[in-house]
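Engineer: I would like the atomic coordinates for the input below:
(3 chains, ligands or ions: 6)
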Amino acid sequence: MPTLVSHPEEVKIVSSRFGKGATDIERYLELDGYQAARTAVEKGADWIITEMKASGLRGRGGAGFPTGMKWSFVPKQSEKPKYVLVNGDESEPGTCKDHLIFLHDPHTVIEGTIIAGLAIGAKMGFIYLRGEYRYLLTIMEKAIADAYAKGFLGKGIFGSQVNFDIVSHTGAGAYEVGEESALMESLEGKRGIPRIKPPFPAVVGLYGGPTVINNAETIATVPHVLRMGGEAYAKIGSERNGGTRLFCLSGHIERPGVYELPMGYNLKKMIYEIGGGIRGGRQLKAVVPGGSSTPVLLPNEIDIGMDFDQVGKAGSMLGSGGVVVLDETVCMVEFALRTIKFYQHESCGWCIPCREGTDWLKKTLTRFHAGAGVAKDIDNIRYLAENMLGRTFCPLGDAAAMPTIAFVKKFRQEFEDHLNGKPCAYAKQTIQEPVLV
Amino acid sequence: MTTEAPMEAQTIFSPELAARFDKLVTLYPVRRSALIPMLLYAQDEQGYVTDAAIREIAQRIGITPLDVRNVLSYYSLLRTKPVGKYHVQVCTNISCMLRGGQKLFEHCKQRLGVGHKETTPDGIFSLEEVECIGACSWAPAVQVNYDFHDNLTADAMDAVLDQYRKQAEK
Amino acid sequence: MADVTLTVDGKKITAPAGTLLIDACRKAGIEIPAFCYYPGLSLQAACRMCVVRIEKIPKLQTACTTPVAEGMIVATDTDEIKQSRKAMLQLVLANHPLDCPVCDAGGECELQDMTFKYGAADSNFVDVKNHREEQQWSPVVYFDRPRCILCYRCVRVCGEGMDVWALGVQNRGVSSVIAPNGGDHLDCEECGMCIDICPVGALTSGTYRYKTRPWEMTHVGTICTHCGDGCKTTLGMRSSGDGMEIIRGDNRDKSGINGDFLCVKGRYAFDFANHKDRLTQPLLRNAEGKLTPTSWEDALAFAAQRLRKIRDTRGGEQIGIIGSNRTTNEESYLLQKFARSVLGTNNIDHHRTADYVSFAKALAGQEQRAASLRETETAPAILLIGNDPTEQHPMLAWNLRANVRHNRARIYIVNHQEIKLRRQATSFLKISADTYSTCTRFLAGEENSAFGAEATALREALSKEPNLLIVFGAELHGSAIESLVRYGLSLPDTKFACLGDYVNSRGAADMGMYPDMLPGYVPVQQPGAFATEYGERFPAAPGLDLPSMLDAAARGNLAALYVVGSNPVHRYGVAAASLKNTFLIVQDMFLTETALLADVVLPIANLYEKAGTVTNTYGDLQFVKKAADRSGVRTDLELIVRLADKMGADVHSLVPFGQGTRADMGQSRGAQSGEADRHAVWLAAQNLEPKLSPFDPSALLDEIQRLVPGYHFSRLELFSGNDQHVQATAHNTGLVQIVNPAERRDGVLPSEDTLFTSGTLGHYSGKLTEIHDSRNKEILVAAD
Ligand SMILES: Cc1cc2nc3c(=O)[nH]c(=O)nc-3n(C[C@H](O)[C@H](O)[C@H](O)COP(=O)(O)O)c2cc1C
Ligand code: SF4
Ligand code: SF4
Ligand code: SF4
Ligand code: FES
Ligand code: FES
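Structural biologist: Numbers count the residues shown, from 1 in each chain, chains lettered A, B, ... in the order given. Ligands and ions are numbered 1, 2, ... in the order given. Model (predicted):
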């Protein structure tokens, strides 16, 4: 069982029921569960969307798209059925928040899905969990069955005329499937290759019908927004960044864990106060602010508010909320290599720049890190990354390119040092060549 | 579906799983949506996705075995070769790496005497270096089959392995 | 659709709304590189070569997925774009083996061309390339993974184009690989489309690989000799010890009626030409009754002398002639003219694979009702009765599938078997094999008894189809065709196509290879102009049809039989003894079952080794160019002329050649065999036709054009390699009264070839046999 952490500075909304036994539907009801959905059934779609827009809630999956606006893009009339798809593929390194939601509060996800369905006029929702989360799928399946038994799902939910079904679904190991169009492909039983956009899912999505896709945390937040009122929720966060989010602190930090903090919370404070500072009192070297695909920040760049806009201004991204803290002992070449090795492994292989680019970055960095680098490698690494950036079929290529560029740019000296035979600062471990499947 | 009755008669899966499959294909607007869960569940029951499973699943869904293989080979959890009874998956991705995931993986190699994607001769353990498993704040983390073990040290890892070995010997 | 105007590289261009930017640019002469985009197949956006900058959009966009929009401002050639393309090429080359010097595709590789053009000569990659071994997937398909650039064209052409879906993509990331459906082998239609469409040398052909370099071949565009669709094919030729050898067939340039399509036979089954049993010397039966090699002079003189004697002593009606489904129109025309004007007999026939006579009769007087093969790709609705195009008319099947894919055409199928095309059909009506004519009459409203609810629904649906195209197989003949055509004519703007089996089956019929029909389906009894044209020997009464000739021979009532490019003994199961009293001359490439019984065997050139024209089953007239060459053989045309000459006939009235100019028959002798033909090809290519030689087919084409009703076409178009639709049907129907139509037997014997057989010819194609056998083996294995 993952350890739950707590800090007085936290504002617990999404995590308010963590550790309170809310997987049990009765307990969930005691904790104000399904109230928001009940109200939503009464008040209808327009009200939901108005509240969602007022809340300033932005997608927690990484891109930070305003949720209320996303829902409003779904056409009212549609020949094909509409769907809600909850993205619980959570695979961005550094991110483990949806894990806790499914573990501690599965009913909020169900409730949020129902509300999203009501908002767009869908009759069916899917909750997609990554394959590794099998034990969470079991929890989710039970929660869904319980909700059906209570009449919260199925025909005439909450005694209304509205029907709504939810199916939970498992993946089988693929980061790329977290990308929304690849997610739909995967749910349709296909290889996780993204789709050509446009059309966007809100217009042509699952099974050809209009589809809203949201991250599990986004969906889990929805019932709270409706309960609190959109404006009240918005007030908690910073400008244009409503509410709170779950930040996953990991790495060389004294008290790693998942903390719920208001949007715009200062990163430095987050590391030093919430997380208790750097492990063993060592020096901070760098922070990856939003999962492995976000460009690394230097210690002098972290005095910023953690919201989509401020981190963006600092040259990185808020991403998925995975704050990875690196201390002075880390070899940035090795860290870059481990990062790229992931994207090489997870590239779907559809397009040339991502498939070949990640592979050559990995090959070059592996050799380079092992001490067999040549001078032009450093520029070549950057050249490769820069030529992937913005040119790939889906954002996975960018996700690999952006951090790589930042590593070379911000830690060039360390790369040079490797060339000059200076020993790796970090205890040198050669990363073994993964076997091609 | 009229095909269901004869299918049950000649299924290679347990009656429970076959029944689950019968239901699964009806849950979605299209049968094919059940493909990936079916492959995973088939693997859970049989250790890996066998050729026979591919054929039966293809038939149940109404697609070609080639289609099934195309999909199956895409997903890293699915495999077409057997592994150990306990498949030890050590995360070495960034958060875990920073907290000794790589060392933990080396430790497991030594302890089990096998490398990446290899199985111990007794067939009890197999080892794999994996990407992030969504337990970063509790790093380093390991999954044995579907069970998570986090905040591991070398000693804690040994204890975990010992426990599984005991279970296997029971 | 309405046109939109956009600006590309400062140039204003217009294109219909909905056009993809890449197509609009290319049409306007602005080049956009592409690997994964392939017109007619689904979009991939995978290679990223086609990127362009569109004003107001932050990222580069793929021109292959962006539809044009009004006022769009596009740049295709900025430094940023050049760099992006260059980087893509560097990346794709990084793992590419660069074994160009030995690669089949070298010299015609899109990756080479692009690298040359968009420059990626420099590489900073020093690490080792990923490698995998080459694999053989079938007798004709090989796969070399490292060369593959994953453009997915092969996967799409096999799936979307062929509806075979034998190729997939497996694994992911850099391990992604194209995989065959059999695990380690292909179980498919072996069409080779995947090989052809591969932009690099990753998929290679079992017949061609490592044989030559593209620039060492000469390329000749001619017509495939197999089925009745008559695909254009570009043959790659290389000189060999005894002539010019075909080493490759494809239609990459998309010229002609079939675009880039070829089926397994068109692509691979040309190797019969090199079969070890190929005859290259005339044979004469000697005193011991053995066939022994002889000279052309002796063989022809002997045959001519015997024929002349029989004609002069026992009469022309004692001679029979069986023609071919694979000779050119000129040869077929000449053969029947030779029969009628030199031998003085109407005993001429061929293996009939479709009832073109009834079809022509039914359409008599109608203009523009016979559909071209091209229309099968555009007609909004098609009724297909009988036949299995996937097996028997692969190009038609390809067109029908494309039509459904691109135009959502409605296909209505009536068949006694669950043919594969039903997967594209709007409706499929299964009937029993013996009810085709009842069903047809039912559709036509000429049958009173009910034919089931499905048939009624079909009739209902069809009644709402303007522009219906009715395509029917040999299951329909005689009066069934007549009622079908009557029915079709009762609907608005209906067109028809009658499916026959071989490359020039239709031509043979059009050229009058019938005992009762002259060219253009002019009845023998009412010969019109032919009466004077064919001279005094032309008999007034119809002759014997093929089965009757064989019967007559068996009864000792046929003194001579002249078989040209046909194997009736095998096809009609003739007992050897029944021909023992008949003087038998056989022209063939091989010692077929028929040739074995002959007194004189004359080795001939095949369709790839001569020039002329053929008419496909839809009436598309196409030009056949001489491609291959083989010493020791002669064209049928030459042999007929020489036989006539040796019989003392006036060659000038048989072949209207060399009018006013000097002719030299010696041109096509000996080592210079085919010289006249080659000369003709050159002349044709220059659109010149001096017709110097009596073996010049264009002299006969003149006569065909002059005398065969309906053969109207432009020579310029024809000789430019373009198909010309003709409709040989007697127009003066008022005068034509076919006597006792009910008594006439249509004599149709469908060949029932599959994708992997091609009559007698097919037996001699090593590749086709190998493919055929490898498939049978698999079926046996699977059955275990
Ligand atoms: C390569 C890639 C991986 C992604 N993985 C995830 C994921 O695991 N979970 C997730 O919620 N969103 C993921 N996303 C983002 C989704 O595409 C999508 O934006 C998100 O699910 C939308 O939900 P939201 O608006 O609630 O954030 C990923 C995107 C990319 C490009
Ligand atoms: S595919 Fe093209 S570039 Fe590659 S080896 Fe062959 S010819 Fe050369
Ligand atoms: S040869 Fe034809 S049928 Fe076979 S895999 Fe290639 S495209 Fe498909
Ligand atoms: S084999 Fe050829 S056609 Fe097929 S994906 Fe590879 S490069 Fe493209
Ligand atoms: S990095 Fe190991 S679990 Fe996320
Ligand atoms: S041609 Fe546009 S991406 Fe390949």
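
Engineer: got any ranges where chain B has weak pLDDT?
Structural biologist: B:1-9 (pLDDT under 70).

Engineer: what ranges do the helices span in it?
Structural biologist: Along chain B, counting by DSSP state H, helices occupy B:4-9, B:15-27, B:35-46, B:51-61, B:65-72, B:94-98, B:101-112, B:154-169.

Engineer: list the helices and strands the second one packs on?
Structural biologist: Helix B:15-27 is packed against helix B:4-9, helix B:35-46, helix B:51-61, with contacts defined by 3 or more Cβ pairs under 8 Å, 6 or more residues apart in numbering or on different chains; DSSP states H and E. (C-beta placed from N, C-alpha, C; glycine too.)

Engineer: most tightly packed of those?
Structural biologist: helix B:35-46 (a mean of 22; mean count of other Cβ atoms under 10 Å in any protein chain shown).

Engineer: mind checking if that helix is in reach of chain C?
Structural biologist: No. Figure legend: helix B:35-46 not in contact with chain C (Cβ under 8 Å from any Cβ of the partner chain); closest approach 13.8 Å.

Engineer: who's in contact with that helix?
Structural biologist: Here helix B:35-46 makes contact (Cβ atoms under 8 Å, 6 or more residues apart in numbering or on different chains) with A:131, A:169-172, A:186, A:189-190, B:13-14, B:17, B:20-21, B:24-25, B:49-50, B:53, B:57, B:60-61, B:63, B:68, B:71-72, B:75, B:77-79.

Engineer: that helix versus helix B:51-61: what angle between them?
Structural biologist: With axes from the mean of the first three to the mean of the last three Cα atoms, to 10 degrees as the basis, helix B:35-46 and helix B:51-61 are set at 140 degrees to each other.

Engineer: can you put the helices and strands packed on helix B:15-27 in JSON lines and add distance to ligand 6?
Structural biologist: Below are the helices and strands packed on helix B:15-27 laid out as JSON lines (distance: least, Cβ to the nearest ligand atom, whole Å):
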{"stretch": "helix B:4-9", "distance to ligand 6": "42"}
{"stretch": "helix B:35-46", "distance to ligand 6": "27"}
{"stretch": "helix B:51-61", "distance to ligand 6": "30"}
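
Engineer: of all these, which lies closest to C:Leu60?
Structural biologist: For these, distance to C:Leu60 was read as Cβ to Cβ. The smallest value, 33.2 Å, belongs to helix B:35-46.

Engineer: ok, back up a step: so which of the helices and strands packed on helix B:15-27 gets nearest A:Ile157?
Structural biologist: helix B:35-46 (24.9 Å).

Engineer: for that closest one, C-alpha coordinates in PDB please.
Structural biologist: In PDB, the C-alpha atoms belonging to helix B:35-46 read as follows (Å, rounded to 0.1, in the frame of the first residue of the first chain):
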ATOM      1  CA  LEU B  35      -9.400  -7.700 -27.400                       C
ATOM      2  CA  ILE B  36      -6.800  -6.200 -25.100                       C
ATOM      3  CA  PRO B  37      -8.400  -7.200 -21.800                       C
ATOM      4  CA  MET B  38      -9.000 -10.700 -23.200                       C
ATOM      5  CA  LEU B  39      -5.400 -11.100 -24.200                       C
ATOM      6  CA  LEU B  40      -4.300 -10.000 -20.700                       C
ATOM      7  CA  TYR B  41      -6.700 -12.300 -18.900                       C
ATOM      8  CA  ALA B  42      -5.800 -15.200 -21.200                       C
ATOM      9  CA  GLN B  43      -2.200 -14.500 -20.300                       C
ATOM     10  CA  ASP B  44      -3.000 -14.400 -16.600                       C
ATOM     11  CA  GLU B  45      -4.500 -17.800 -16.900                       C
ATOM     12  CA  GLN B  46      -2.000 -19.500 -19.100                       C
END
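
Engineer: can you give me how far it is from the chain middle?
Structural biologist: The chain centroid and the centroid of helix B:35-46 are separated by 9 Å under Cα atoms, centre = their mean, to the nearest Å.
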